[in-house]
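> Sequence first, then the predicted structure, then my questions.
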Amino acid sequence: MSSPVDTIKAIKVPKPVPITTTRFRPPKKNIPQTKIERDHFLENIKQYVEKDSPVPPMPLDELEEHAKEILKRMGREGERTYLHYTAVCLNNEMWRETLAEIPYERRLLLMPKCLRVEEKCPAPFDEFGLLCKQCGLCSIQDFQNEAERLGYAVLVAEGSAIVMSLIQTGQIEAIVGISCLPVLERTFPYVEAAAIPSIAVPLLQDDCINTTVDIDWVWEYIHLTSDDETRRLDLNALHEEVKSWFSPESIEAVMGSCEGAQEEIAREWLARDGKRWRPYLAVAAFEALRKDRGEPIPEDIKKIAIATELFHKASLIHDDIEDEDHGRYDQPTLHMQHGIPVALNAGDLLIGEGYRLIGESETSDTQKAEMLLVASQGQRELCRGQGAELVWAREPKPLKSKQVLEIFRQKTAPAFEVALKLGASYAGKLDEVADVLTKFSENMGIAYQIRDDMDDLGEDAGDNELEQMRPSVLLAVARERAKGDDKALLESLWSHEDLKGIAIDKIRKLAHEVEADEKCLLLLETYKEAAVRSLADLENANLKGLLRRVMGKIFNDLEIKGWCREFEVKNGVREEEEAAE
């Protein structure tokens, strides 16, 4: 007789494309220390350019005066730490639209050799710079391959002479460069004198060896194109607008008045908290593919977006009952508040309401049928993933990390896929993009669930005793790597033996000791990268550009708590702080 583990179907987790080795080192003090902080600077700089319209090219002293004004508006008047960083970012933003208009084949990507892992790099040099051997140890390989695929000329070299000679030939009309701030300061007068559009991504270190850079930032700039008409779309504003649709008043405006206490309970749950990523994805896909870009968001797409959240919130009610969870959103779960029968009925009601909103949309019968099929297929796949977990829980045994990732794929990816496909279907473009959206959603969904998995066992989870065990990729990796008594402890954990006697902090420490946290962080980055790479063959520039930016927004807004600090200390990110303690 087959075991419950055997009920999990054959592994179909999308195989991630290996990414370059990630090196973790602290940014220098002249660079904002975290990605969230760097994005905050970029948003303020973008607002400044939109409001004040500074015109490039601009001398360095004038650029720094504008930078001072930006810092003043940010409440950092007189602060010089990030002055040059702000000036570089301002110059980038001023040239952004000009760069977008220049064909890829008229651009140069300029990278410094210090991005390589110096002690291991096998690449030789010639008169034009480093000749990458595609060893995969650093980010040079990925940047070069993608840029050349697009049509860029690529150089891995320092110095202004060779760059200026290329500019003077007239073959290069724009530069996307990566460099440390000191080199950018020295080369700026040459580029400014040539009046050539130039975008510069500052390195996170300026010590000329084994440096790193914000990969997402470079990726965004090298793909910048005027073909992407959504590049000016304010994703933060769009997200805020979508979240505003879930106030009680807005829900009633779209769904009509409540009829009875049961419906009031269901709608209260719908309005309760949440990131609203799924409706946001539906609207983002529609915005990328719509024909009448720039027009107000139609009421119908609001209904369809809300339908994706109705399905999601219904699944949370059912999951909480099935998993015997007692809290969500820092409040009692719906079944703890109103009892299991009422909660189950509320979940069923929300599912029905989601299908009703899709069915009421003012679109063709063909599109309605297409959207209803997409939603039902997603519902089926989600239930299969949850079902695999529930069957496993009846007779729990250790799962391999691949088996856990398959459950993640079934439980999380379908909701993202449904949201994106509903938006594409309403725009009348689903046939053109369906396959890409499936691959993108699978990889993004797995990455998202890995992040949640690590967060659930992070320091913010507290030091309470474990009450139950669920499939966890972190604990699966830890069990695969542990030995002796540690392995026996994790075996008992997976088997639900005496869970109340095992404290989370002990498991957290064990996972760190066997480097399961490091492995999971690399898995997270690998699936994020695989999601972006799945867009490579997408011909629609609007959807490609917007989804790449949406990925950045979703994962920039998410923060793994409780693992990063230890992980960074181990890899030298916080060695300065640790030495000072």
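That came through fine.

> After the lengthiest helix in the chain, which helix or strand is next?
The helix spanning the most residues in the chain, taking DSSP state H as the definition, is helix 365-394. Toward the C-terminal end, the helix or strand that comes next after helix 365-394 (DSSP states H and E) is helix 401-426.

> Following that following helix in sequence, what is the next regular element?
Beyond helix 401-426 on the C-terminal side, the first helix or strand identified by DSSP H and E is helix 430-456.

> and stretch 474-491, how far from the chain's centre?
When C-alpha coordinates are averaged (C-alpha atoms, centre = their mean, to the nearest Å), stretch 474-491 and its chain have centres 29 Å apart.

> Averaged pLDDT, it. What do you get?
What stretch 474-491 shows for mean pLDDT is 87.

> Please apply the same query to stretch 155-168.
Computed over stretch 155-168, the average pLDDT equals 71.

> Quote the end-to-end distance of it.
Between the start and the finish of stretch 155-168 there is a gap of 16 Å, counting by C-alpha to C-alpha, to the nearest Å.

> same thing with stretch 99-118?
Across its full length, stretch 99-118 reaches 32 Å between end residues, using C-alpha to C-alpha.

> tell me the mean pLDDT over it?
Within the predicted structure, the mean pLDDT of stretch 99-118 is 90.

> What ranges does the stretch 101-250 of the chain have for its strands?
When secondary structure is read from DSSP state E, counting those that start in this stretch, the stretch 101-250 of the chain shows strands at 107-111, 125-126, 129-130, 153-156, 174-179, 198-202.

> and those strands as a markdown table, adding distance to N91?
(Each C-beta comes from the backbone N, C-alpha and C, glycine too.) Conversion of the strands of the stretch 101-250 of the chain to a markdown table gives the following (distance: least, C-beta to C-beta, whole Å):
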| stretch | distance to N91 |
| --- | --- |
| strand 107-111 | 15 |
| strand 125-126 | 29 |
| strand 129-130 | 24 |
| strand 153-156 | 20 |
| strand 174-179 | 11 |
| strand 198-202 | 7 |
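
> so for the longest helix of the chain, what's the average pLDDT?
For helix 365-394, the per-residue pLDDT averages 91.

> Stretch 402-415 now?
Mean pLDDT, computed over stretch 402-415, is 89.

> ditto for stretch 288-302
The predicted confidence, averaged over stretch 288-302, sits at 89.

> Ok, stretch 223-242 next?
In this model, stretch 223-242 has a mean pLDDT of 88.

> what does stretch 442-456 give?
Average pLDDT, stretch 442-456: 89.

> packing partners for the longest helix of the chain?
In terms of contacts (3 or more C-beta pairs under 8 Å, 6 or more residues apart in numbering; DSSP states H and E), helix 365-394 is packed against helix 299-323, helix 340-359, helix 401-426.

> picking up where we left off before, okay if I get the strands of the stretch 101-250 of the chain as TSV plus mean neighbour count and distance to D228?
Compiled in TSV, the strands of the stretch 101-250 of the chain are given as follows (neighbours: other C-beta atoms under 10 Å; distance: least, C-beta to C-beta, whole Å):
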stretch	mean neighbour count	distance to D228
strand 107-111	24	15
strand 125-126	10	35
strand 129-130	20	30
strand 153-156	20	21
strand 174-179	24	16
strand 198-202	25	15
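
> for the ones you listed, which one sits closest to L166?
With respect to L166, and counting by C-beta to C-beta, the nearest of the strands of the stretch 101-250 of the chain is strand 107-111 at 6.3 Å.

> quick one: that closest one to strand 198-202, angle?
Following axes from the mean of the first three to the mean of the last three C-alpha atoms, to 10 degrees, one obtains 20 degrees for the angle between strand 107-111 and strand 198-202.

> let's number from 311 now, not from 1
All right, first residue 311 from here; so that's strand 417-421.

> Report the strands that pair with strand 417-421, each with its relative direction.
Each strand that pairs with strand 417-421, with its direction, by DSSP bridges: strand 463-466 (parallel), strand 484-489 (parallel).

> for the last one, the distance to its chain's centre please.
To tie it back to what came earlier, the one meant is strand 484-489. Between the centre of strand 484-489 and the centre of its host chain there is 24 Å, according to C-alpha atoms, centre = their mean.

> what comes into contact with it?
Where contact means C-beta atoms under 8 Å, 6 or more residues apart in numbering, the residues beyond strand 484-489 that reach it are 405, 408-409, 412, 416-422, 425, 453, 457, 462, 473, 494, 497, 501, 506-513, 523, 528, 531-532.

> what's the burial count for the nearest residue to D658 once chain neighbours are set aside?
Leaving aside its chain neighbours, D658 sits nearest to A624 (7.3 Å; criterion: C-beta to C-beta, 6 or more residues apart in numbering). By the criterion of other C-beta atoms under 10 Å, A624 has 24 neighbours.
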